[in-house]
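Peer 1: sequence unknown, structure follows:
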């Protein structure tokens, strides 16, 4: 974005413009959530929105939606510019992409973006990404755990112009409508994305009318510079060094006995941060791959959490970051790699980066969190309406303990952000499902002086025939503890059919009959510090609250509780038991 170097807006003008740009990005988010048709968008908030410059650099990205999408809208817009050229994009155009080679994500994540012209000159783009409930995969809704190619996962649309100069391309619209299921709902989400972008065009045009393009461009340049300076100042305070960590995913869904390595080398030098991902596992046959744009975004999100969590997201935040990512790894996979569960390595990678830096920040870095996308996909025909349904929802879990406190329980992953669960009332009204129970998993948080957060257990009764796709991860390498803390429970999936209970890890297209029960359990967070150092009264409160069992209180924490309603602590027996356990 070129600017007139003679124009230097005063700090007040820069601040006003910065807040206006962020407000526009947030208004896109609000507009999209209010007008979308699928619960995965308007309830779960599986989307992101932003403004980009004419050369696809990030001006502002709203804090709502998924943090896992931080700083990756630029890849989609850059591809559109490369495909069509600036001269090939006109006012009123609407472009769309879900191409795995561009975005590096599963095909359900559809980017819709529009150019913003001011007095016939391209100023920038408004962009949205939303999770469509279906894109024509082998099984409704996608999330295939056994796919070996993106061709199984749905229709790929690379930087197509869905509207030309304000008019829809009826041929392309017909292609969409006849290659996806639940057309009405998906088309509703498409038009919600278009409407949000159109609103942003109007708001940005008003801002340019007020301040002129030259002043706004100069202000954006200063905003980027300010963000860069703040991030550099913070990194400069970190101890220089090279930090490494390696963790593992259970398998790729195809080769079930082969764990998949997730490795990161983090180099802090002066005011720059380098994240080297060269030792990541090569791309795999199964659908836990991600593309390069997603891999870079994961590194950016790690930096955001570490050094810019209080800053508005823009191009300047990421200038101090170098990402080393060779082609062909688990998170830079080449086409046609399957990517249904692309989030799985992303979340574990961010957690692994934090684990690498734990020695440098012993008071700040938490233990491992459940870090599993933990998404349920239930599809079928609703017997009440005789209409097809697709229910997609993530389930929250536990976060790792810190050096100063317990980990949060029942919280979505660090890649989910402001994601909401679907309220039971909405779920049961929209879908042929009944939620029989919903609560914390006792003992799922890792033991420690500070206990890891607890995962959840959600039990559904299926009211009509349905098919289930699901994935449970991190059993080979469960959420780890730090400084002597214990690992947490990993997730678990069980289906009860006619009294027979069966466990699953990764499953696609499992047929469920009316009356079957699906129990979906998420992992907890790792503990921090020696469990024998936890205050006995805190252990007692955990037992009273159902977070820790009496057995775990004795065996893991060395706390003896009396067999009475209040479970008072037997102080003498506790001291003796802890002395024996610590010897």
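Peer 2: Arrived safely, thanks for sending. Keep in mind it's a predicted model, so treat the numbers as computed, not measured.
Peer 1: what separates the closest residue to residue 48 other than its chain neighbours from residue 99, distance-wise?
Peer 2: Excluding the flanking residues, the one nearest residue 48 by C-beta to C-beta, 6 or more residues apart in numbering is residue 69, at 3.7 Å. From N, CA and C alone the C-beta is placed, and that goes for glycine too. To residue 99, residue 69 is 16 Å away according to C-beta to C-beta, to the nearest Å.
Peer 1: Repeat that for residue 508.
Peer 2: Here the criterion is C-beta to C-beta. By it, residue 508 lies 23 Å from residue 99.
Peer 1: do the same with residue 117
Peer 2: In terms of C-beta to C-beta, residue 117 sits 25 Å off from residue 99.
Peer 1: Those two: who's more crowded?
Peer 2: residue 99 (22 against 18; other C-beta atoms under 10 Å).
Peer 1: How is this protein partitioned into domains?
Peer 2: 11-229, 366-534, 536-582 (automatic domain parsing).
Peer 1: Low-confidence stretches in the stretch 201-350 of the chain?
Peer 2: Within the stretch 201-350 of the chain, no range satisfies pLDDT under 70.
Peer 1: And the helices in it, which stretches?
Peer 2: 213-235, 292-307, 343-357 (DSSP state H, counting those that start in this stretch).
Peer 1: quick one, what contacts the closest residue to residue 151 other than its chain neighbours?
Peer 2: Distances taken as C-beta to C-beta, 6+ apart place residue 336 nearest to residue 151, at 5.8 Å, with adjacent residues excluded. For residue 336, the contact set (C-beta atoms under 8 Å, 6 or more residues apart in numbering) comprises 100, 149-151.
Peer 1: Of those residues, which is the nearest to residue 192?
Peer 2: residue 100 (23.3 Å; C-beta to C-beta).
Peer 1: mind checking pLDDT for the closest one?
Peer 2: Model confidence at residue 100, given as pLDDT, is 95.
Peer 1: Now for it, how many residues are close by?
Peer 2: 28.
Peer 1: ok, it to residue 281 distance?
Peer 2: Distance from residue 100 to residue 281, by C-beta to C-beta: 18 Å.
Peer 1: and if you look at residue 182?
Peer 2: 35 Å.
Peer 1: re the thing from before, minimum distance to residue 286: which of the domains of the chain has it?
Peer 2: So among the domains of the chain, domain 11-229 is nearest, using C-beta to C-beta, at 6.8 Å.
Peer 1: mind checking the end-to-end distance for the closest one?
Peer 2: 15 Å (C-alpha to C-alpha, to the nearest Å).
Peer 1: And for stretch 139-155?
Peer 2: End-to-end span of stretch 139-155 (C-alpha to C-alpha): 12 Å.
Peer 1: What residues sit buried inside stretch 130-142?
Peer 2: Judged by neighbour count using 16 or more other C-beta atoms under 10 Å, the buried positions of stretch 130-142 are 130-137, 139-142.
Peer 1: Please apply the same query to stretch 379-391.
Peer 2: Quick answer for stretch 379-391 (16+ other C-beta under 10 Å): 379-380, 382, 389-391.
Peer 1: Mind giving me the ChimeraX command for buried ones among the contacts of residue 336?
Peer 2: If you want just the buried ones from those in ChimeraX, going by 16+ other C-beta under 10 Å, the selection is:
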select :100,150
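Peer 1: I'd like to know which of the contacts of residue 336 is nearest to residue 220.
Peer 2: residue 100 (30.8 Å).
Peer 1: Could you verify my assumption that the closest one touches residue 150?
Peer 2: Yes. Using C-beta atoms under 8 Å, residue 100 is in contact with residue 150, at 5.0 Å.
Peer 1: picking that back up, is it possible to get TSV of the helices of the stretch 201-350 of the chain that adds mean neighbour count?
Peer 2: What follows is these, written out as TSV (neighbours: other C-beta atoms under 10 Å):
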stretch	mean neighbour count
helix 213-235	20
helix 292-307	24
helix 343-357	27
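Peer 1: okay if I get those helices as TSV plus distance to residue 478?
Peer 2: Shown next, in TSV, are those (distance: least, C-beta to C-beta, whole Å):
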stretch	distance to residue 478
helix 213-235	31
helix 292-307	21
helix 343-357	11
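Peer 1: With respect to residue 259, which of these lies nearest?
Peer 2: It is, among the helices of the stretch 201-350 of the chain and with distance given as C-beta to C-beta, helix 343-357, at 11.5 Å.
Peer 1: Could you list the low-confidence segments of the chain?
Peer 2: For the chain (pLDDT under 70), the answer is 1-5, 583.
Peer 1: Next, residue 375: phi, psi?
Peer 2: phi -100, psi 140 (degrees, to the nearest 10).
Peer 1: The one 3 residues further on now?
Peer 2: Its backbone dihedrals place residue 378 at phi -120, psi 120, with angles given as degrees, to the nearest 10.
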